[in-house]
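**Q** here is a sequence with its predicted model. Questions after.
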Amino acid sequence: MDSEIPIDIDHAKHSVGGSGGHWFRRLTHVSMAIIPFSYHLWGDDISAFFSLSLREFVTLVGVAFIIIETIRIRLGIIIVGQREYESNQISALAWGAFAVCATLLLAPQDGDGLNAGKYTIPIILGLTFVDPLMGEVKRSKAGLKKAIFAGLMTSYLIWLTSVYFFSTPLIYAIILAPLTVLGEIPTVRWIDDNATMIIFPLVVVLLFDFLF
């Protein structure tokens, strides 16, 4: 099996459920945008319902995904919207879930309410919106350059909006927006861009937080 995935592959042809499964996958992807807002606005109430701290709840969710994904791979199950090659390897959904949980656990969260999401919100929104947009541009055969341009514009819009609404430092927005797009470019099977689009900016945020 090749280790690389063609840049302009039409994933709809390789998704369970065909075109309908593909768009269900895209809808699921975009709907993940609610996660950081729910976390910062209602996370304490949700976790308290299960008699857990917020960090314990996020950790438990991450562990649950690991267990479910392990069982799924062992049984070779793929669900609607997943791609054929995901039957025997970690799925894009699982990679995204792991990366989102890591962001909520590791990213600095100073401030109250949504201001505490000055990093978590743009990092996660970069995944939920930039990834499907770039994927559709590439799928249309418009080319990688146009996909990168569209991704950069969207990523900068997300980060600069966070500067205005959530007090994200401007220098972080300038530096990290391209890293979200950079994380979408790798086309290898062993790690999904759902992970790298979050890991790249998250690592730099953590590095800056440590140094400064």
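**A** Happy to help now that I have it. Everything quoted here is computed from the prediction, not taken from an experiment.
**Q** surely Ala195 meets Phe98?
**A** Yes - counting by CB atoms under 8 Å, Phe98 is a contact partner of Ala195 at 6.6 Å. All C-beta atoms are positioned from the backbone trio N, CA, C, and that covers glycine.
**Q** now the one helix or strand in the chain whose mean pLDDT sits lowest: buried residues?
**A** When the helices and strands of the chain are scored by mean pLDDT, DSSP states H and E, helix 18-31 comes last with a mean of 81. Residues of helix 18-31 classed as buried: 21-22, 24-26, 29 (neighbour count, 16 or more other CB atoms under 10 Å).
**Q** wait, doesn't Ala92 sit right on Ile79?
**A** No - contact criterion CB under 8 Å: Ala92 and Ile79 do not qualify, at 11.7 Å.
**Q** all helices for the protein, in order.
**A** Here the chain has its helices, by DSSP state H, at 18-31, 34-49, 54-75, 92-106, 120-125, 131-139, 144-166, 170-182, 193-211.
**Q** check the offset of the last one from the chain's centre.
**A** This means helix 193-211. Computed by CA atoms, centre = their mean, to the nearest Å, the chain-centroid distance of helix 193-211 equals 12 Å.
**Q** what packs against it?
**A** helix 92-106, helix 120-125, helix 131-139, helix 170-182 (3 or more CB pairs under 8 Å, 6 or more residues apart in numbering; DSSP states H and E).
**Q** and those, which one's lowest on average pLDDT?
**A** For those, mean pLDDT drops lowest on helix 131-139, to a mean of 87.
**Q** check contacts around the residue nearest the centre of the chain.
**A** The residue lying closest to the centre of the chain (CA atoms, centre = their mean) is Leu127, at 3.6 Å. Leu127 makes contacts with 29, 32, 96, 99-100, 180, 194, 197-198, as judged by CB atoms under 8 Å, 6 or more residues apart in numbering.
**Q** by neighbour count, which of these wins?
**A** Per-residue neighbour counts (other CB atoms under 10 Å) across those peak at Met197, which has 31 neighbours.
**Q** test my guess that that one contacts Ile191.
**A** No - assessed by CB under 8 Å, Met197 is found out of contact with Ile191, at 10.9 Å.
**Q** hang on, the earlier thing: ok, Ala92 and Ile79, which is more surrounded?
**A** A count of neighbours by other CB under 10 Å puts Ala92 above the other of Ala92 and Ile79, at 19 against 14.
**Q** elements contacting the least confident helix or strand of the chain?
**A** By 3+ CB pairs under 8 Å, 6+ apart, helix 18-31 packs against helix 131-139.
**Q** and the helix it packs on, what does it pack onto?
**A** helix 18-31, helix 144-166, helix 193-211.
**Q** what mean pLDDT does the second one get?
**A** Here helix 144-166 scores 95 as its mean pLDDT.
**Q** also stretch 37-57?
**A** 96.
**Q** buried residues in that stretch?
**A** 37, 39-40, 43, 47, 54, 57.
**Q** do stretch 113-122 as well
**A** Quick answer for stretch 113-122 (16+ other CB under 10 Å): 114, 116-122.
**Q** export those to JSON lines and tack on distance to Lys138?
**A** As requested, the buried residues of stretch 113-122 are exported to JSON lines (distance: CB to CB, whole Å):
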{"residue": "Leu114", "distance to Lys138": "32"}
{"residue": "Ala116", "distance to Lys138": "34"}
{"residue": "Gly117", "distance to Lys138": "29"}
{"residue": "Lys118", "distance to Lys138": "30"}
{"residue": "Tyr119", "distance to Lys138": "27"}
{"residue": "Thr120", "distance to Lys138": "27"}
{"residue": "Ile121", "distance to Lys138": "26"}
{"residue": "Pro122", "distance to Lys138": "23"}
